[in-house]
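Participant: sequence-free structure coming up:
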């Protein structure tokens, strides 16, 4: 509770200090600007004992080192555009970035973040969610916080009211890319437990040379009807293996929270 209270004070101070300029974030010659509270984690946290901070910092390092001018990148679960802005800066004016985010509250902040970076080519922002089929689903949200999900358990809280339910379109990643004739160099997935369903609808992506970085949320898999064994079979069938970003070995017999690479 104290940490949350202190975090809110810091964000309020940053808003007052930066006003409409956005908080700066410097990386590889780029000065990116963000709505306070939405910038990427500082790179110094890549060795942090805090797993969430460490993985977020390592993901920034990985994305910035694997994308270049002219690349196409897809941000599945773009949220506030924390990584979409970085992707767009690296892919440049000749590249393409797709930001897929079904939560309307999150998309408002995403749009503000790109407005703070007028020299960066804007992404294609899609209001759908990705899964293993095409149709509609219910998105559970608390005003665009980072836990918006297609299952209620990801956003449920014993101390808060019921989450808002929003009907959203769903697509498969393969069908979207085929329709728009896109061949991504990189796909980043952060979908609060829907990652296995998304990958089941992305078999062509897995079979391609695209690099895939994915956040795992094993606590939500039972409600989605998915298992770790299912993920391993799916990835192995594509000739890939699973490795945590902070480890040099393949994932073992049990999955824990973390960001992984689905490597060839």
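Facilitator: That came through, no problem. Just so it is clear, the structure is predicted and the values come from calculations on it, not from any experiment. Numbers count the residues shown, from 1 in each chain.

Participant: And the strands in the chain?
Facilitator: 23-27, 30-34, 72-76, 96-100, 124-126, 129-130, 135-141, 164-171, 186-189, 211-216, 241-244, 258-263 (DSSP state E).

Participant: Including mean neighbour count and mean pLDDT, could the ones you listed go into JSON lines?
Facilitator: (Each C-beta comes from the backbone N, C-alpha and C, glycine too.) Below are the strands of the chain laid out as JSON lines (neighbours: other Cβ atoms under 10 Å; pLDDT from 0 to 100):
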{"stretch": "strand 23-27", "mean neighbour count": "15", "mean pLDDT": "95"}
{"stretch": "strand 30-34", "mean neighbour count": "18", "mean pLDDT": "95"}
{"stretch": "strand 72-76", "mean neighbour count": "26", "mean pLDDT": "98"}
{"stretch": "strand 96-100", "mean neighbour count": "25", "mean pLDDT": "98"}
{"stretch": "strand 124-126", "mean neighbour count": "17", "mean pLDDT": "98"}
{"stretch": "strand 129-130", "mean neighbour count": "26", "mean pLDDT": "98"}
{"stretch": "strand 135-141", "mean neighbour count": "16", "mean pLDDT": "96"}
{"stretch": "strand 164-171", "mean neighbour count": "15", "mean pLDDT": "96"}
{"stretch": "strand 186-189", "mean neighbour count": "24", "mean pLDDT": "98"}
{"stretch": "strand 211-216", "mean neighbour count": "22", "mean pLDDT": "97"}
{"stretch": "strand 241-244", "mean neighbour count": "18", "mean pLDDT": "95"}
{"stretch": "strand 258-263", "mean neighbour count": "20", "mean pLDDT": "96"}
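
Participant: Adding distance to residue 203, write these out as JSON lines.
Facilitator: Converted to JSON lines, the strands of the chain look like this (distance: least, Cβ to Cβ, whole Å):
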{"stretch": "strand 23-27", "distance to residue 203": "33"}
{"stretch": "strand 30-34", "distance to residue 203": "34"}
{"stretch": "strand 72-76", "distance to residue 203": "15"}
{"stretch": "strand 96-100", "distance to residue 203": "18"}
{"stretch": "strand 124-126", "distance to residue 203": "20"}
{"stretch": "strand 129-130", "distance to residue 203": "13"}
{"stretch": "strand 135-141", "distance to residue 203": "18"}
{"stretch": "strand 164-171", "distance to residue 203": "14"}
{"stretch": "strand 186-189", "distance to residue 203": "13"}
{"stretch": "strand 211-216", "distance to residue 203": "12"}
{"stretch": "strand 241-244", "distance to residue 203": "16"}
{"stretch": "strand 258-263", "distance to residue 203": "12"}
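
Participant: Quick one: closest of these to residue 50.
Facilitator: Set against residue 50 and scored by Cβ to Cβ, these come closest in strand 258-263, at 12.3 Å.

Participant: Okay then, goodbye and thanks.
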